[in-house]
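S.K.: sequence? don't have it. structure:
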């Protein structure tokens, strides 16, 4: 900014000064910029700079600042931001089988120790025969320990399947998700909830919607989705399938769907808009939505009869207009040929009569040919 030559150089030059505005020091507008010693360096990314659009010349008006348009709202935040799926700690099924076998062997040895093991079983196991100590407190304690070990080993065995997952929780806390397939051992003391993580298709029942003219519709949609985050889907919402259904109903209330006679392009556009809305709303619940397509669009029962009569009337009017155009063309062609070939010499009155008679004849003949 250049200063007049007759004006002394000040440390903070004045930007504006007239009878309609106050004096604004130049340094206040750029108080967030770096100091004088750092003007040759790049300013930080978060430095505040006034975005000046323009000002009116000769009026002394203050430069206007550009208003920032807020960004569109994103998906709703999850109920618990820290609730994210993570793998749970599980063991191979062989470990559970080994522990259960040890517990069973302990029960057999305790029975032999107490003398209650049948001689045949002792001979088959090649155990030395003995009188036995009887069932006392040590024997019952050994039975309890060996039985608990057997139950703990065999009770934790489970079969993991592809497309299925187990969500584990203990004392109200999320402990992880098991997505492995095959024979596994999971702590039997930890509660588990199964969830289907396969790609799923859901065809909804007819839901209320409206077209561009506000006419009530009934739309059945086909949703392709799957559970992406099992922790949020099972623990973040009460019922993730009901949550998805509510998201589809809310999207149908926002998106305009073409009527029952809509073209394919309009239906595809409505499907893309529905997919974007539902995918954004279902993301916080751990659901991944691939497509939402209208599978069936029909008018609501209260307006279906009126729209049917309207469609029939439109078709009838179109047929009448087409028939009238055909008759007029035929009459014009007939009169033109008769005149050009010199078969008749007509004045204006005779021409009008001929046109009228030919029009009546053609209309009557067309009416008789229509079944």
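M.R.: Okay, I see it. Remember, predicted model here, so these are calculated numbers, not experimental data.
S.K.: Where does pLDDT dip in the stretch 151-300 of the chain?
M.R.: 258-266 (pLDDT under 70).
S.K.: what about 50?
M.R.: For the stretch 151-300 of the chain, no stretch has pLDDT under 50.
S.K.: what number of residues lie near residue 211?
M.R.: Neighbour count of residue 211, defined by other CB atoms under 10 Å: 19. Where C-beta positions appear, they are placed from N, C-alpha and C, glycine not excepted.
S.K.: Was I right to think it contacts residue 267?
M.R.: No: judged on CB atoms under 8 Å, residue 211 makes no contact with residue 267 at a distance of 11.5 Å.
S.K.: tell me the contacts of the spatially closest residue to residue 105 that is not a sequence neighbour?
M.R.: Residue nearest to residue 105 in three dimensions, not counting chain neighbours: residue 146, with 7.8 Å by CB to CB, 6 or more residues apart in numbering. The contact partners of residue 146, taken as CB atoms under 8 Å, 6 or more residues apart in numbering, are 103, 104, 105, 106, 107, 109, 110.
S.K.: could these be laid out in TSV, adding distance to residue 85, pLDDT and secondary structure?
M.R.: Below are these laid out as TSV (distance: CB to CB, whole Å; pLDDT from 0 to 100; DSSP: H, G, I helix; E, B strand; the rest coil):
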residue	distance to residue 85	pLDDT	secondary structure
103	33	92	helix
104	36	91	helix
105	39	91	helix
106	38	90	helix
107	39	89	helix
109	44	87	helix
110	43	86	helix
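S.K.: who wins for most neighbours among those residues?
M.R.: Most crowded among the contacts of residue 146, counting by other CB under 10 Å, is residue 110 at 22 neighbours.
S.K.: Hmm, that one is touching residue 143, no?
M.R.: Yes: using CB under 8 Å, residue 110 is in contact with residue 143, at 5.3 Å.
S.K.: And this protein, split by domain according to the record?
M.R.: What the record gives for the chain is the domain set 91-196, 200-299, 314-369, from automatic domain parsing.
S.K.: what mean pLDDT would you report for the shortest one?
M.R.: Within the predicted structure, the mean pLDDT of domain 314-369 is 76.
S.K.: helices or strands next to the strand or helix carrying residue 336 in the packing?
M.R.: With elements taken from DSSP states H and E, the one containing residue 336 is helix 301-340. Packing partners of helix 301-340 (3 or more CB pairs under 8 Å, 6 or more residues apart in numbering; DSSP states H and E): strand 216-227, helix 348-369.
S.K.: let's go with 6 Å and repeat that
M.R.: helix 348-369 (3 or more CB pairs under 6 Å, 6 or more residues apart in numbering; DSSP states H and E).
S.K.: what helix or strand does residue 143 sit in?
M.R.: helix 137-155.
S.K.: Could you look up the next helix or strand downstream of that helix?
M.R.: Using DSSP H and E, the next helix or strand after helix 137-155 towards the C-terminus is strand 157-160.
S.K.: next structured bit after that following strand?
M.R.: Following strand 157-160 toward the C-terminus (DSSP H and E): strand 164-170.
S.K.: Which of the helices or strands spans the spatially most central residue of the chain?
M.R.: Nearest to the mean C-alpha position of the chain, counting by CA atoms, centre = their mean, stands residue 279 at 1.9 Å. For residue 279, the host element (DSSP H and E) is helix 264-282.
S.K.: Show me how far that helix is from its chain's centre.
M.R.: Remark: helix 264-282 is offset 9 Å from the chain centroid, using CA atoms, centre = their mean, to the nearest Å.
S.K.: what angle do it and strand 216-227 make?
M.R.: Per axes from the mean of the first three to the mean of the last three CA atoms, to 10 degrees, the angle that helix 264-282 makes with strand 216-227 is 50 degrees.
S.K.: Give the buried residues for the helix or strand just after helix 264-282.
M.R.: Counting by DSSP H and E, the element after helix 264-282 in chain order, helix or strand, is strand 287-299. Neighbour counts over strand 287-299 (16 or more other CB atoms under 10 Å) mark 287, 289, 291, 292, 294, 297, 299 as buried.
S.K.: swap in stretch 142-150?
M.R.: 142, 143, 146, 149, 150.
S.K.: Kindly tell me how buried the residue nearest to residue 188 when sequence neighbours are not counted is, as a neighbour count.
M.R.: Nearest residue to residue 188, sequence neighbours excluded (CB to CB, 6+ apart): residue 155, at 4.1 Å. The local packing of residue 155 (other CB under 10 Å) involves 16 other residues.
S.K.: How about the secondary structure of residue 187?
M.R.: Counting by DSSP: H, G, I helix; E, B strand; the rest coil, the backbone at residue 187 sits in coil.
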